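Peer 1: predicted model, plus sequence, below.
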Amino acid sequence: MVSSRMPGQQLLLVTHPIYYTFVMRQTFLPAGCALKDLPVTQAVSRRDATARSRDNLRILGKSQLLCSALLVTLSVATVPFAAVAQAAPAAPAAPQLALPSQAGPTTGNTQTGPDWNRSLQRQGQSQTQGDGKTDRTDDRGNNSEHPAAPDVPTEFQTLVAQTIGNALPIFGSDLFNSAPSTFAPVGDSQVSSDYQIGPGDELRISTTGQLNQTGTFQVDRGGTITIPEVGTLTVAGLRFDDLKPFLRQQLGRVYRNFDLNVSMGQLRSIQVYVTGESRRPGAYTVSSLSTLVNALLVSGGIKPQGSLRRIQLRRGGKLVTEIDLYDLLLHGDKSKDAKLQPGDIIFVPVAGPQVAVVGSVAESAIYELRGETTISEVLALASGLTSTASGTSARLERIFNHSQRIVRDINLQTAGNTPLENGDILTVSAISDEYKDAVTLRGNVTYPGRYVWHPGMRISDLIPNRAALLTRSYFRARNALGAPVGSFQPDQGRIAVSTSPTTRNGNASTPGALTQNTPGNRSDAPTPTTSSEANANGSGTTVGDALTQSNGAFTSSTDIVLSAPDVDLAYAVIERLDPVTLTTSLISFNLGAVLAGDASQNLNLEAGDVITTFSKADIRVPQSQQTRFVRLEGEFVAAGVYSVKPGETLRQLITRAGGFTPDAYIFASEFTRQSTRRVEEQRLREYADSLETQIDTQVGAQIAGAVDPGSTVQTANASADSARQAVARIRRMQPSGRIVLKLTPSATGVSSVPDIALEDGDRFIVPREPSSVAVSGEVYNAASFLFMPHLQVRHYLRDAGGPQRTADSKRLFVVRADGSVVSRSYTNVEKAGVLPGDTIVMPPKLTRGNFLRDAVIISSALSNLGVGLSVLALVLR
C-alpha cells in the first residue's frame, strides 16, 4: 500500500504483492522525480539481494509513470480521501480496509486506526433523511395547504345549547384546541430501551482507552453502517439496548482495552396516515419516536363528531391497538398509546352515543358513552358532584323512540344505576339556599349569624342582655395597646358593624384606642369609625356610650354598659316571609323594652325570621337622642374627647373640662367643624370643575384663532397640561373646616369664647402664645421671625428681603392667628400691626387674560401657603 501525504490530503494506492508508501512534503511532485525522491518501505516479501535489485529496477520504471499520473491528478483537483469517502454512496468497503488477523490485536499500545470523523462519517448521504415535512405538513407539523376549518357544532350540541341556554363543550376537545404546533420529539430526546434502529437513524459512537475515536454513522437504506477497520455492520432491527453489546463485540474483533459509548443522533422520520374524523386527515411525516397521540395532536385533533374513545391503530391490515382518550384525560393512563411505525394508519371513527351533563357537577360537558353506562358512571366521568349539589334532585331529559322528548325527575341517591341513552341531558340541581329551622340575627350585635330555631323561641333568646349588643370590634378597640396618642379623630366617631348574615363576627376594621392621659380624659375611650363606613359594611351601628362618664369625660370601667344613645333601643325589626302569600312583612319591636323584661315586646320567633338591630347612624333619630363627640386639645385643664349632651355649648363644655391653663393663647385658637369641612370640600370640587371647563374653553379658543395651528396646538396643549396638573393639586387639598370665632387679641377666660352649640365631630384647639411671625410668598427669604410688639408688617417684609420681581405688592395680605385676613381692601397693610402667630403673605403676580397661568399660580399658593380657598378668593378678587 502506497500512501502519499500532503497537507489535508491522503491518497491510497493498492498494489500486490508489495505495498508502497509515498510521503510527499510538497503540494506537487517536482518534474523529473525519481525513485530516490520517494522513500520506499519493503513490507512482506523476503527475497535475496539479486531478486531485490531486479525488483527495484522494475519498480523504478513504474514509479516514473506513477509520478506523471500523480502530477496530472493533483493539478486538476486535490480531493481529500475523507471527502471522497463521504460523498461516495454506501458501497462495499472491504477492499479499502486492512483487517488484522483475528488473533492479531496488540495490547499495551494506543491503537489509533483511521480517523472515523475523517473517513466514514454520515455514510450514505445520498439517502435523503426525512425532515418532518410532506406535501401536507410544514416544518412545524402544520398542515399549511389544508388548514383545519372551524368546528361546526353537531346537532346534539345545538340541541343542548337550545335546551340549557348556553353552549356546552365536548369533553376532551380542549386537548386539541390549544395544542402546540407539533408534538414530534426533537432529535436529541432520550430514546427508550426498546427503540428499534432503522434506516435514517444516526448513531454516535465514541471509544476511550487504547482506542480514542468518535464518529457519527447514519444507517443506510440497507440497514447497515460501515466503521473503518471493522467493516460493514447490519444494525437495522436491533433494539437500542442490544446495540451497545453488538458494537462492542464487533469492535472487539479488531481492538482491545477500550470503553464504548453509544447514543442516538438525529432520528429517522416515518410516514403515517391519519384518517376518519380527524380535523386534517392525510399523510404525515413524524419522528420515529412519535406515538398515536402525538400524531393526533399534529393532525389538529378530532372533529366534534369524531370519537375520543375508540381510536384505532392499524398496521399491515391488522388492528394493533385501540385507545380510549378518556383514560388519558381522566386517569393519566397512556398505556395503550403505541409507538408508530412506517405505514401505520390511525383511524378515528364517528362518535358513539353521547349524553350531556350540566348543573352542579365538577365539569359540565357532553360525554361519549362506551357500552351501557349508568347515571353514577356518567357522574364519575364529570368528576362527581360539587359541594353545593343536591344529592336527591336531578332532571333527565330524553328523546323517546326518536319521536318525542320527555322529562323525568331523578333521585340521584336511588336512581344511580339507571342506564343512560344516546341524546340524554342530565341536569343536577343545586341545593336550596333556604336554611331549615333557623333564624338570622344581624346588625349591632356581638355575634351576628344564624341560630337554630326551636318552638317557643323569643327575641330574648337571641338578645338576652345589653352586652349582646356590643360588637367584637368594640372590644378589639378597647383591648388594643400602643395606639399613638391623638389617633382618635372626632370625625371618625363611629364603630362599624357588618349586618351581613355571612359574616360571623360582624365587624369591620379595628381602630386604635385613645391613649392620651390627662385629667378628665382616660385611655380606655374607644376609637370609632365613621357612620358612612359602617353603612357601607351593612349596619353603621355605634358604641360611643359604652363607657361610663365622669363629668362628661371618658373614664375606664370594668363593667361595660351600653348607654341608650348609641344603639337604637327604641326600634328593631323582624323580617318574616309568609309561606302562603310569599310576601315579606316587617314586625317592629322596642329593643329596650325587651331588655327591660316587657313581655309584650318579647315576640315569638318563627323559622326563617331575620332579626335586625339598628344604630342611630342607620336611621336618623331626634337630635336629643344623638350622641356627639367633641375634642378639646391644647391648653385646657382636662383636654380630651368628650361626649356632649344635647344642646350643650362650647363655653359649657370648656367649663366642664376645667377651663383654660394660664398659658392659653385664646386669640389663636382654632375651631373646626365637620359640616363646615364638607361644605368647603364641595366648593373646592366645584372650583376645580370650573377651572377644568375654562381650561378646555380657552384651549379651544386659542387653537381656533391661531395663524399657525400646528405650533399653537402644541403650545396650548402644553399650557393646558400644566394647568390640569394644578387643578389636580387643588382636588387633593384637604379643607380644615375652620370657623373664625372673631376673638380679641386680649381674650382671656371662658367668658370670651362664643357660646355656640356643639355638633358631633367639633374640634377646639387652643395653643400657647407663639413667639414668631411668619413671612411667606414672593419674598427673598421666606421664614419665621421673632415677634417684636412694636414692629409693623413693613418691618418684617424688610427682614425677609422685600418682595421679588414676581411679587404683587398691591395684593399683600396678613392671615391673623385667629384665621381672619387683613388686606389692602380695608387698611394699609404695610403699616398694620402684627400679632404673635400672624402670617404675612406676599402673593405672586397674576396675568389677567392668561387663565391657564393663573390656575397654576393659584394652586401653588393654595398648596404651599396652606391658605383656605375662601381666603384666597377674598384677596385675589
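Peer 2: All right, it came through fine.
Peer 1: what's the burial count for Q213?
Peer 2: By other CB atoms under 10 Å, 21 other residues sit near Q213. Any C-beta I mention is one placed from the backbone N, CA and C, and that applies to glycine too.
Peer 1: what do you get for the one 4 residues further on?
Peer 2: F217: 24 surrounding residues under other CB under 10 Å.
Peer 1: now it, nearest residue through space, not along the chain?
Peer 2: Computed as CB to CB, 6 or more residues apart in numbering, the closest residue to F217 that is not its neighbour in sequence is I225, at 4.1 Å.
Peer 1: could I get the average pLDDT for the helix or strand where that neighbour lies?
Peer 2: For I225, the element it lies in under DSSP states H and E is strand 224-227. Average pLDDT, strand 224-227: 93.
Peer 1: the helix or strand following it pairs with which strands, and in what direction?
Peer 2: Using DSSP H and E, the helix or strand that follows strand 224-227 in sequence is strand 231-234. Counting by DSSP bridges, the strands paired with strand 231-234 are strand 224-227 (antiparallel).
Peer 1: okay, and the beta partners of the residue nearest to F217?
Peer 2: Taking DSSP bridges as the rule, I225 bridges to L233.
Peer 1: hmm, it is touching T232, no?
Peer 2: Yes: with contacts defined as CB atoms under 8 Å, I225 counts as touching T232 at a distance of 7.4 Å.
Peer 1: how about the strands in the stretch 151-300 of the chain?
Peer 2: 202-209, 213-218, 224-227, 231-234, 258-264, 269-276, 282-287 (DSSP state E, counting those that start in this stretch).
Peer 1: list the buried residues of the fourth one.
Peer 2: If I follow you right, that is strand 231-234. For strand 231-234, burial by neighbour count (16 or more other CB atoms under 10 Å) applies to 231-233.
Peer 1: phi first, then psi, for V348.
Peer 2: In terms of degrees, to the nearest 10, the main-chain angles of V348 are phi -110, psi 110.
Peer 1: if we ignore the residues flanking it in sequence, what's nearest V641?
Peer 2: For V641, the nearest residue in space outside its immediate sequence neighbours is R631; the separation is 5.0 Å by CB to CB, 6+ apart.
Peer 1: beyond the host helix or strand of the one you found, next helix or strand please.
Peer 2: When secondary structure is defined using DSSP H and E, the element that contains R631 is strand 628-634. In the C-terminal direction, the helix or strand that comes right after strand 628-634 (DSSP H and E) is strand 640-644.
Peer 1: and that next one, average pLDDT?
Peer 2: Along strand 640-644, the predicted local confidence has a mean pLDDT of 86.
Peer 1: which other helices and strands does whichever helix or strand comes after that strand contact?
Peer 2: Reading on from strand 640-644 to the C-terminus, the next helix or strand found by DSSP H and E is helix 650-656. Counting contacts by 3 or more CB pairs under 8 Å, 6 or more residues apart in numbering; DSSP states H and E, the secondary-structure elements packed against helix 650-656 are strand 628-634, strand 640-644.
Peer 1: apply 6 Å and report the result again.
Peer 2: For helix 650-656, the contact count by 3 or more CB pairs under 6 Å, 6 or more residues apart in numbering; DSSP states H and E identifies no helix or strand as a packing neighbour.
Peer 1: the protein - how does it break down into domains?
Peer 2: Split into domains by automatic domain parsing, the chain comes to 2-79, 116-129+187-264, 155-183+269-348, 354-430, 438-622.
Peer 1: and the gap between V293 and L319?
Peer 2: Computed with CB to CB, to the nearest Å, the distance linking V293 and L319 is 17 Å.
Peer 1: the more surrounded of those two?
Peer 2: When neighbours are counted by other CB under 10 Å, V293 and L319 differ, and V293 comes out ahead with 19 against 10.
Peer 1: is it correct that the more buried one is in contact with K336?
Peer 2: No: with contacts counted by CB atoms under 6 Å, V293 stays clear of K336, the gap being 9.8 Å.
Peer 1: what's the neighbour count on S429?
Peer 2: 18.
Peer 1: try L159
Peer 2: By the other CB under 10 Å criterion, the neighbourhood of L159 contains 17 residues.
Peer 1: for this protein, where's the lowest mean pLDDT among helices and strands?
Peer 2: Lowest on mean pLDDT, DSSP states H and E among the helices and strands of the chain sits helix 81-87, with a mean of 34.
Peer 1: tabulate the strands of the stretch 151-300 of the chain (JSON lines), appending distance to L786.
Peer 2: Shown next, in JSON lines, are the strands of the stretch 151-300 of the chain (distance: least, CB to CB, whole Å):
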{"stretch": "strand 202-209", "distance to L786": "92"}
{"stretch": "strand 213-218", "distance to L786": "93"}
{"stretch": "strand 224-227", "distance to L786": "103"}
{"stretch": "strand 231-234", "distance to L786": "107"}
{"stretch": "strand 258-264", "distance to L786": "91"}
{"stretch": "strand 269-276", "distance to L786": "95"}
{"stretch": "strand 282-287", "distance to L786": "91"}
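Peer 1: need the single longest helix in this protein, by residues.
Peer 2: Within the chain, and with DSSP state H defining each element, the longest helix by residue count is helix 674-704.
Peer 1: any buried residues in that one, and which?
Peer 2: So, applying 16+ other CB under 10 Å, buried residues of helix 674-704: 674, 676-677, 680, 684, 687-688, 691-692, 694-695, 698-699, 702.
Peer 1: flag the least confident of those residues.
Peer 2: For the buried residues of helix 674-704, the least confident position by pLDDT is Q702, scoring 72.
Peer 1: quick one: contacts for that one?
Peer 2: With contact set as CB atoms under 6 Å, 6 or more residues apart in numbering, Q702 has these partners: A716.
Peer 1: re earlier: the strands of the stretch 151-300 of the chain: which one's closest to D409?
Peer 2: In terms of CB to CB, the element of those nearest to D409 is strand 269-276, at 39.3 Å.
Peer 1: other SSEs contacting that closest one?
Peer 2: strand 282-287, strand 345-348.
Peer 1: mean pLDDT lowest for which of those strands?
Peer 2: Ranked by mean pLDDT, the helices and strands packed on strand 269-276 bottom out at strand 282-287, which scores a mean of 91.
Peer 1: show me what that one is packed against.
Peer 2: Under the contact definition 3+ CB pairs under 6 Å, 6+ apart, strand 282-287 sits against strand 269-276.
Peer 1: cutoff 10 Å now
Peer 2: Strand 282-287 makes packing contacts with strand 269-276, helix 292-298 when contacts are defined by 3 or more CB pairs under 10 Å, 6 or more residues apart in numbering; DSSP states H and E.
Peer 1: quick one: strands adjacent to that strand?
Peer 2: The strands that strand 282-287 pairs with in its sheet are strand 269-276 (antiparallel) (by DSSP bridges).
Peer 1: just the buried positions in the partner strand, please.
Peer 2: When burial is assessed from 16+ other CB under 10 Å, strand 269-276 yields the following buried residues: 269-270, 272-276.
Peer 1: using CSV, please lay out these together with distance to V358.
Peer 2: Written out in CSV, the entries for the buried residues of strand 269-276 read as follows (distance: CB to CB, whole Å):
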residue, distance to V358
S269, 45
I270, 43
V272, 38
Y273, 37
V274, 32
T275, 33
G276, 29
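Peer 1: closest to P419 among the residues you listed?
Peer 2: Within the buried residues of strand 269-276, proximity to P419 (CB to CB) peaks at G276, which comes in at 27.5 Å.
Peer 1: wait, that closest one touches G282, no?
Peer 2: No: in this structure, G276 sits apart from G282 without contact. The criterion is CB atoms under 10 Å, and the distance is 11.4 Å.
Peer 1: wait, a strand at G761?
Peer 2: No: going by DSSP: H, G, I helix; E, B strand; the rest coil, the assignment for G761 is coil, not a strand.
Peer 1: quick check: beta-bridge partners of L385?
Peer 2: V361.
Peer 1: tell me, how many residues neighbour the nearest residue to T214 once chain neighbours are set aside?
Peer 2: Spatial nearest neighbour of T214, excluding adjacent residues (CB to CB, 6+ apart): S206 at 4.2 Å. Applying other CB under 10 Å, we find 16 other residues in the vicinity of S206.
Peer 1: give the contact list for S206.
Peer 2: Taking CB atoms under 10 Å, 6 or more residues apart in numbering as the definition of contact, the neighbours of S206 are 116, 212-216, 259-263.
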